[in-house]
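>>> Would you be able to build a 3D model of this:
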Amino acid sequence: MTFGHFREPGSGIIWILAVIAVAIVAPPVRAQAPAQAQASTATAQGHVRDAGGKPVAGATVFLDRTPKGPASAADGQTTHTDSEGAFHFSGLPEGDYTLRAEGNSGARTILNQVTLVRDETKTIDIVLRPAELSTRGFPSQMPSASATSAKPPDFYDEPQFTVAGVTQATNSGGHGSDTVLRNSEALVRATGSLGKDPTNTQSSTSEEKEGANLERARTEIRTLLLDDDKIRHDQQDETHYDQLVQRQSELHHRLAQIDEQLGNPLEAVREYQRASELAPSEPNLFDWASELLTHRALEPATEVFTKGTRLYPESVRMLIGLGVAWYARGSYDHAAQSLNRASDLAPSDPTPYVFIGKMQNVETVPSNDTLERLARFQRLEPDNALANYYYAVGLWKSKQSGNTLDDASSAQVEALLQKAVQLDPKLGAAHLQLGVLYAQRGDYAPAITAYQKAIEVSPDLEEAHYRLSQAYRRTGDEAKAKEQLRLHEQLSRQAKEEAERERREIQQFVVSLRDKNTQ
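Numbers count the residues shown, from 1 in each chain. Now for the predicted structure:
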């Protein structure tokens, strides 16, 4: 893309444009109770800033009720911002309002869709627009870089969290056994890869390979953002104004990618947030949520992914990301629901099924809904080794839970696993599962052969060594049993140490969660 003239917002508190300052999805308007019964009230507060992000002291802020709802003493309130540009209205009945701010220079901004519900404290940061633009209203839609939805959101909802810093992680911050945690971490990494554009990655690697080049690119983009603020402040044409906002969003997104490459996750997540605030497109929200997920800010990641799925319900990867976030938090039912929805949106896309399969490998029992999706995967792609393997494992676990693994079911599982290893002889997990199935029948000779094959193609498969040890012990070969148990313990120790090393290398975000009912 060709870069225009742009400018970075002020370096203080992250500010957002008035056009996207209100909630993405405004809270539902509740039926107004009679005035005498309406004891609970709401609060509206925020800051007024100029186009450069600086606080505007002494600005006049007007808050007016819309025609909806009965008239009250709360109508027509006026206040002035303090030295920090802050304003505050309290004791407001729930309902719809118009919020208007005017600066001494004549610049002003009007927000026509401010909805307050009882006991809520809504924070609304306002950026004053040039006087020539302030009376024209705002576009019903903002430009979006996403092709997944024809209608991007009108407004952007202030997140209920703040990334306050980073710290070195001392643990994974997840739930469940070490095996589940490692599986969760692998899924998080896989989710992050869904947001990568191979074309952009190749170009970035060739042109900005060295740190010095990255720093130079970072400086150039920041300079463009600084220049753009001046242009936007003087812009007389609203269409061009909104185009500048969109292009600024793209530049902040690029800055985030550069900060990721430079190893600055805190700066990266803030740039992703700025990009999303300017233009809450599907790519912006997905990359922001993925960055939060990667650095173990699980609740904020879930919040952003949830908003992303609400705004872009046709985005398969957004649903996958939400499922992984729930999984990392230990909520397997929610995770399965999100991934099942993703597979239903794109039945021919193998990606959601692969995530489902990886998750159900460590769950106790897959749900009937999950099993139906895995069956569909195998039916749609009968020559896909993973499709056969994942369905076999799901079917085996499901039948095991009810102690109903009859001969017919056992034969079906075996046939699926045999087909999987024929399609991909190096699929060690399928060889391992074959061994488990044979051992369950008491057929230890073919079980040992299957375990040995699993180890041959996947030497680091810990469970294969443990299962082989058990099979040897069953057949009376104690020496081999002890050797395989020793190898299992050695591999398990190495895997845990490697996992801990990787966890220490990932900086964990320090997150402050906000309660909407507290100031």
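>>> The residue nearest the centre of the chain in helix, strand or coil?
Note on the chain: the residue nearest the mean C-alpha position is A289, at 2.9 Å, using CA atoms, centre = their mean. Classification of A289 using DSSP: H, G, I helix; E, B strand; the rest coil returns helix.
>>> distance of it from R317?
10 Å (CB to CB, to the nearest Å). The C-beta positions use only the backbone N, C-alpha and C, and glycine is treated the same way.
>>> before we move on, which element is Y389 in?
Using DSSP states H and E, Y389 maps to helix 385-401.
>>> Go through stretch 461-480 and flag the buried ones.
For stretch 461-480, the buried set under the neighbour-count rule, 16 or more other CB atoms under 10 Å, comprises 461-473, 480.
>>> coming back round to it: who touches the helix holding Y389?
Helix 385-401 is contacted from outside by 350, 353-354, 356-357, 360-361, 363-366, 368, 370-371, 374-375, 377-378, 380-382, 405-406, 409, 412-413, 416-417, 419-421, 423-424, 427, 429-430, 433, 437, using CB atoms under 8 Å, 6 or more residues apart in numbering.
>>> Inside helices: which ones of those residues?
Under the assignment DSSP state H, the contacts of helix 385-401 contribute 350, 353-354, 356-357, 360, 368, 370-371, 374-375, 377-378, 380, 409, 412-413, 416-417, 419-421, 423, 429-430, 433, 437 to helices.
>>> Can I get the buried ones among the contacts of helix 385-401 as something I can paste into ChimeraX?
In ChimeraX syntax, the buried subset of the contacts of helix 385-401 is picked out as below (16+ other CB under 10 Å):
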select :350,353,354,356,357,360,361,363,366,370,371,374,377,378,405,412,413,416,417,419,420,421,423,424,427,429,430,433,437
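>>> longest single helix anywhere in the chain?
Across the chain, the helix with the greatest residue count (assigned by DSSP H) is helix 478-505.
>>> Convert the C-alpha atoms of the helix or strand following it to PDB, please.
Later in the chain than helix 478-505, the nearest helix or strand by DSSP H and E is strand 507-513. Only the C-alpha atoms of strand 507-513 are listed here, as PDB (Å, rounded to 0.1, in the frame of the first residue of the first chain):
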ATOM      1  CA  GLN A 507       6.300 -12.200  28.600                       C
ATOM      2  CA  GLN A 508       2.900 -12.300  30.300                       C
ATOM      3  CA  PHE A 509       0.700  -9.300  30.300                       C
ATOM      4  CA  VAL A 510      -0.300  -7.700  33.600                       C
ATOM      5  CA  VAL A 511      -4.000  -6.900  33.100                       C
ATOM      6  CA  SER A 512      -6.300  -4.700  35.200                       C
ATOM      7  CA  LEU A 513      -9.900  -5.700  34.800                       C
END
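>>> who does strand 507-513 touch, helix- and strand-wise?
For strand 507-513, the helices and strands in contact under the criterion 3 or more CB pairs under 8 Å, 6 or more residues apart in numbering; DSSP states H and E are strand 161-168, helix 265-278, helix 298-311.
>>> could you redo the last one with a cut-off of 6 Å?
strand 161-168 (3 or more CB pairs under 6 Å, 6 or more residues apart in numbering; DSSP states H and E).
>>> Could you check the strand it packs on and say which residues are buried?
By neighbour count on 16+ other CB under 10 Å, the buried set for strand 161-168 is 161-163, 166.
>>> closest to L251 among those?
Taking CB to CB as the measure, L251 lies nearest V163 of the buried residues of strand 161-168, at 20.2 Å.
>>> For E277, see how far away the closest one is.
For V163 relative to E277 (CB to CB), the value is 14 Å.
>>> Same question for T115.
Taking CB to CB, one finds T115 at 19 Å from E277.
>>> Do you have the helices of the stretch 101-250 of the chain handy? List them.
Secondary structure of the stretch 101-250 of the chain, counting by DSSP state H, counting those that start in this stretch: helices at 131-134, 178-193, 198-207, 211-234, 238-261.
>>> Determine the angle, from 0 to 180 degrees, between the last one and helix 178-193.
Orientation note: helix 238-261 sits at an angle of 140 degrees relative to helix 178-193 (axes from the mean of the first three to the mean of the last three CA atoms, to 10 degrees).
>>> orientation of helix 238-261 relative to helix 265-278 in degrees?
Angle, helix 238-261 to helix 265-278, by the same axes, to 10 degrees: 160 degrees.
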